[in-house]
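**Student:** Take this sequence and fold it.
(chains A and B)
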Amino acid sequence: MDNSEQDSHQQHPISTYFKVWGLLFVLSALSYWVDYAQLQGFWRWTLILLFMFLKAGFIVAIFMHMVWERMAFALAILGPPVILLVFIALMASEGSYIELVRTLFFVNQG
Amino acid sequence: MSNISEAPSEGMEGFVDDWASDKDAFKGVSWGKAMMWIFLLSDTFIFSCFLIGYLAVRTTTVIPWPNASEVFALTIAGEHVPLLLIAIMTFVLITSSGTMAMAVNCGYARKPKAAATLMIITALFGVTFVGMQVFEWSKLIEDGVRPWGNPFGAPQFGSIFFMVTGFHGFHVSIGVIYLIVVALKILRGDYEERGYEIVEITGLYWHFVDLVWVFIFAFFYLW
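**Tutor:** From the prediction side, this is the model:
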């Protein structure tokens, strides 16, 4: 076995996986509870996003081993998706403008 | 070449050094793993485009968006339970992620039989997930949801739903095939000499499928 393969081994105690696994169950149950309890408004969106990012973070960091990778690799993979925030912002602003125009159009029509 | 014996520096300094070293930027990452990550990165953009398309359609429509909590509710023993099937599907997928993580662990511990068995179990959870999705789809089609309209509200609901969950279900199905193929190759002894990093690479794909579901669950079913 050559050295490079030895280095890329990602062996971690099974207990770490079990803890994260349990945590993912709890977080999923909590996000389901947000809907079940019919929370609305500020707390609904905040909690949904919070539980979503926590779940995604734990999956990428622990299950996909990103915390144990070197910075050069982690930034190469996790950096580019940040640009999506610009795309989301553009589409959100464009979307609310179109909605405004449509609403005005339908109000004037009816 | 003079500093090859020194341990590479960590953190931001390591980031600059690794990229400046003119070769082998991703130290300790095999080519197969790097390529799987880059594929997943491109897949991230595809799914993001779908979800951003959903955002655009949902904010611009003047017709009220159907209440997902109601549309996906199941009536069990006369009791109206919102999103029950989706919650079970979420738990099935998380469970499969856990068995996949254990398979990776067994692979590196050089227990190929255990790794292959856990991968088959993961694949079975994947089949369960797709099966439940088929049930969900047929129930919605029965309720009159179509890509061009539905009885609950904005007509775009159907097209977004079938496209996003369909594309995700397609990923799960491909993942099931991928898992079974790799598990069989492990049992045949193909990786006895090369080592079992393949389990981790397969696992990356599978965890990604779970990851995408986290976002679909939040934005499509809960929002």
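
**Student:** Run a quick neighbour tally on residue A:71.
**Tutor:** 18 (other CB atoms under 10 Å in any protein chain shown). For the C-beta atoms, the positions are set from N, CA and C on the backbone; glycine is no exception.

**Student:** no wait, residue A:83
**Tutor:** 11.

**Student:** residue contacts, it?
**Tutor:** For residue A:83, the contact set (CB atoms under 8 Å, 6 or more residues apart in numbering or on different chains) is empty.

**Student:** Quick check: phi and psi at it.
**Tutor:** Main-chain dihedrals, residue A:83, degrees, to the nearest 10: phi -60, psi -20.

**Student:** ok, and for whichever strand or helix holds residue B:107, which residues are buried?
**Tutor:** Assigned by DSSP states H and E, residue B:107 falls within helix B:84-108. For helix B:84-108, burial by neighbour count (16 or more other CB atoms under 10 Å in any protein chain shown) applies to B:84-87, B:89-108.

**Student:** which residue ranges form the strands in the chain?
**Tutor:** Picking chain A for this. Counting by DSSP state E, one finds no strands in chain A.

**Student:** Oops, wrong one, chain B.
**Tutor:** B:74-76, B:79-81.

**Student:** between these, which gets nearest to chain A?
**Tutor:** Nearest to chain A, of all the strands of chain B, is strand B:79-81, at 8.4 Å by CB to the nearest CB.

**Student:** Quick check: can you name the pairing partners of the closest one and their directions?
**Tutor:** Here strand B:79-81 has these sheet partners by DSSP bridges: strand B:74-76 (antiparallel).

**Student:** still on that earlier bit, remind me what the helix holding residue B:107 packs against, helices and strands.
**Tutor:** helix A:14-36, strand B:74-76, helix B:112-142, helix B:197-216 (3 or more CB pairs under 8 Å, 6 or more residues apart in numbering or on different chains; DSSP states H and E).

**Student:** Go through those and pick out the most buried.
**Tutor:** Neighbour counts (mean count of other CB atoms under 10 Å in any protein chain shown) averaged over each of the helices and strands packed on helix B:84-108 peak at helix B:197-216, with a mean of 23.

**Student:** helices and strands around the longest helix belonging to chain B, which ones?
**Tutor:** Looking across chain B with DSSP state H, the single longest helix is helix B:156-188. In this structure, helix B:156-188 packs against helix B:31-60, helix B:112-142, helix B:197-216, with contacts taken as 3+ CB pairs under 8 Å, 6+ apart.
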